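Participant: Here is my input; please provide its structure:
(2 chains, ligands or ions: 2)
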Amino acid sequence: MAGGGEGSSAGLEICGVRKAFPDPKRPDGRLNVLDGIDLAVPAGRFFALVGPSGSGKSTLLDIVAGLVRPDAGTVHFSGAPIDGRPGTAAYMMQDDLLFPWQTIREHVALPLLVRGVRRREALRQAEAILRDFGLGAFVDRYPSALSGGMRQRAALARALVQGTALVLLDEPFGRLDALTRASLQEWLEGVYRRERRTILMVTHDVEEALYLADRIVVFSPRPARVVDVVEVPFDRPRTRSLRADGAFVRLKAALLERLLALLPEPGDRPASAPFR
Amino acid sequence: MPGDEAGGGGGRRPFVRAAARLRPTRRATARLRPEGRAGGASGRFRWEAAASLGALMLGWEGAVRAFHVPAWLLPAPSAVVRAFWAERTVLLDHAAATVTEAAAGLGLAALLAVAVATAMAFFAAVRAALYPLLVVSQTVPIIALAPLVIVWFGYGMLPKVLVVALVTFFPLAVSLAEGYRTADPRRLALLRTMGGGRWAAFRYVLWPSALPSFFAGLRIAATYSVTGAVIGEWLGATKGLGVYLIRASKSFAIERLFAAIAVIVGVSLLFFAAAEFMARLSLRGGPTMDAAER
Ligand SMILES: Nc1ncnc2c1ncn2[C@@H]1O[C@H](COP(=O)(O)OP(=O)(O)OP(=O)(O)O)[C@@H](O)[C@H]1O
Ligand SMILES: [Mg+2]
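Facilitator: Ligands and ions are numbered 1, 2, ... in the order given. Sure thing, here's the model as predicted:
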């Protein structure tokens, strides 16, 4: 089942991507993780990726980021192949992955420094961005002295400062309490509306996917295939009251149902039953 | 090997993701120890150590007086203090030579260790070639090697510096090499997504990740360095605490020998404190946090 369907060549195009990891514990010595992924994210759209734990969502992001080479298939962004070369996409990995030896100002300056911006200039820009992100008072703090929400925001700032047109987010708000999570979602929605970059975000939270994304891609359990691409019909800006909206709640319930049905159960269900 | 991940060789190598897979439960520990290092605990330790040291000295003094131990067998602490005071200018003069040798040797070893360990981190072949050699070199007894160094380089300062470097190189090189290996591959990967190459990986991830381990090695090496210098002097020198030790024991001036030992201990502690100070300066952010994460 093809992903986006728009047919525009400007965005992210994932075609027939397969990946297996060596696994000596299995009879064939291989753990099949991605089983032919086709997905197209048109430029400037926000897609969410949901699926059972261990299905291969992070592996797909690693491949799109250019960190891992697929066994088969291709990934293009704006028509150019990624092909195992990192640098095209900003990637906020699962677990915020901040460096304990750097202040958050230095974190946000890091992508600029790596690109060759002068230290003083990079630090100045980093501070300006952190102020935008509501962290202006904490620029000189080390990660150990930040709350979970601040850490996630700092990690997001570090990813977004790279200025790439493609942004990959792997459970950016995982491990946060519901309140912080909701407020960061509103904030990220604002950032997305301002910048309109192409975003692919992995999440376990159906409500988060619905609130933020234009479409929700559903992965099957491992080996993963795309079993559904759900259109999210809500206008932007997404308001706080949207979460209580009848259509939102119904869609959330239906999606949850759909995901639960994917989990292994004795009564086998057809894997590609149409949704909605 | 971290050096491999650092390269821009694409995603050909499978990822080691063990570190990323463990869900950190760091928050609680981070809160309890905002400074990262257990400064309070070591402060208390120092207080208790001073108390027990004082008790030991008092007991020693009392025992020597009560049992009339002859001074050539075991001098009382008070006699040692008196000997130190009488000899203070001579002792400090010798101590200055020892300190210079130890510091120079330690510096030389640190430079070499950084060069060798970093080369091993970057090039798997260098690592494969050198690591076994390093370990084997450590099994050669320094007491056997030191006379050779004297034979080769004479009685000046250089052979002592080399002995110190020989003693301290191994803990420094190994701790730094191990430090490089603990660098989180996900962090290295993140740097590659920023478009960073080997140098960026080294500068921003490998080196900072290795520092805590390197300083752990430096603390050990710093204390070894003074002993190394004394051993070097012992085997032939005109100046240094080792020379003083030999003269004191040859003339049966046992309270002077004890005074020299006290100075050696003091100088070693100073070196340790200097290493500790450097570690605290460089580890401001508390990379020890990481230990709590894993
Ligand atoms: N480098 C690797 N070597 C071997 N197996 C791996 C490797 N990376 C991932 N895997 C395996 O591939 C499977 C998919 O992992 P992945 O992290 O992509 O899942 P995920 O969908 O992101 O899961 P989660 O929702 O829990 O984050 C898992 O079973 C994992 O153990
Ligand atoms: Mg994942």
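
Participant: now the helices for the stretch 151-276 of chain A?
Facilitator: A:178-195, A:206-212, A:246-262 (DSSP state H, counting those that start in this stretch).

Participant: which residues make contact with the shortest one from outside it?
Facilitator: Read that as helix A:206-212. A:46, A:48, A:50, A:173, A:181, A:185, A:188-189, A:192, A:201, A:203, A:216, A:232, A:234, A:238, A:242-243, A:248, A:251-252, A:255-256, A:259 (Cβ atoms under 8 Å, 6 or more residues apart in numbering or on different chains). From N, CA and C alone the C-beta is placed, and that goes for glycine too.

Participant: Can that helix be said to contact ligand 1?
Facilitator: No: applying Cβ under 6 Å from any ligand atom, one finds helix A:206-212 out of contact with ligand 1, separated by at least 13.1 Å.

Participant: As CSV, could you dump the C-alpha coordinates of that helix?
Facilitator: Output of helix A:206-212 as CSV, limited to C-alpha atoms (Å, rounded to 0.1, in the frame of the first residue of the first chain):
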residue,chain,number,x,y,z
VAL,A,206,-2.4,8.4,19.3
GLU,A,207,-3.7,11.7,20.6
GLU,A,208,-0.3,13.3,20.0
ALA,A,209,-0.3,12.0,16.4
LEU,A,210,-3.9,13.3,15.8
TYR,A,211,-3.2,16.7,17.4
LEU,A,212,0.0,17.4,15.4
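
Participant: what stretches of the chain score poorly on pLDDT?
Facilitator: By default, I'm working from chain A. Low-confidence segments of chain A, defined by pLDDT under 70: A:1-9, A:265-276.

Participant: wrong one, chain B
Facilitator: By pLDDT under 70, the low-scoring segments of chain B are B:1-45, B:284-294.

Participant: if we can go back for a sec, can you tell me which of the helices of the stretch 151-276 of chain A is packed in deepest?
Facilitator: helix A:206-212 (a mean of 23; mean count of other Cβ atoms under 10 Å in any protein chain shown).

Participant: Please compute how far it lies from its chain's middle.
Facilitator: 12 Å (Cα atoms, centre = their mean, to the nearest Å).

Participant: do the same with stretch A:169-179
Facilitator: Offset of stretch A:169-179 from its chain centre (Cα atoms, centre = their mean): 11 Å.

Participant: and the closest residue to ligand 1 within the stretch 101-250 of chain B, how far is that from chain A?
Facilitator: Among the residues of the stretch 101-250 of chain B, B:P185 lies closest to ligand 1, at 9.5 Å counting by Cβ to the nearest ligand atom. Distance check for B:P185 against chain A: by Cβ to the nearest Cβ, to the nearest Å, it reads 10 Å.

Participant: Give me the neighbour count for that residue.
Facilitator: For B:P185, the neighbour count with other Cβ atoms under 10 Å in any protein chain shown is 21.

Participant: For the stretch 51-200 of chain A, give the residue positioned nearest to ligand 2.
Facilitator: Ligand 2 sits closest to A:S58 of the stretch 51-200 of chain A, with a gap of 3.1 Å, by Cβ to the ion.

Participant: Would you enumerate the residues in contact with that residue?
Facilitator: Contacts for A:S58 were tallied using Cβ under 8 Å, 6+ apart; they are A:M93, A:Q94, A:D170, A:V202.

Participant: hang on, it in a strand?
Facilitator: No: per DSSP: H, G, I helix; E, B strand; the rest coil, A:S58 lies outside any strand segment and is helix.

Participant: helices or strands next to whatever helix or strand B:E101 lives in in the packing?
Facilitator: For B:E101, the element it lies in under DSSP states H and E is helix B:88-122. Using 3 or more Cβ pairs under 8 Å, 6 or more residues apart in numbering or on different chains; DSSP states H and E, the elements in contact with helix B:88-122 are helix B:2-6, helix B:124-139, helix B:157-181, helix B:207-234, helix B:241-250, helix B:254-282.

Participant: out of the ones you listed, which comes closest to B:A102?
Facilitator: Nearest to B:A102 among these is helix B:207-234 (4.2 Å), distances taken as Cβ to Cβ.

Participant: Reformat the helices of the stretch 151-276 of chain A as CSV; add distance to B:M194.
Facilitator: Shown next, in CSV, are the helices of the stretch 151-276 of chain A (distance: least, Cβ to Cβ, whole Å):
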stretch, distance to B:M194
helix A:178-195, 18
helix A:206-212, 24
helix A:246-262, 33
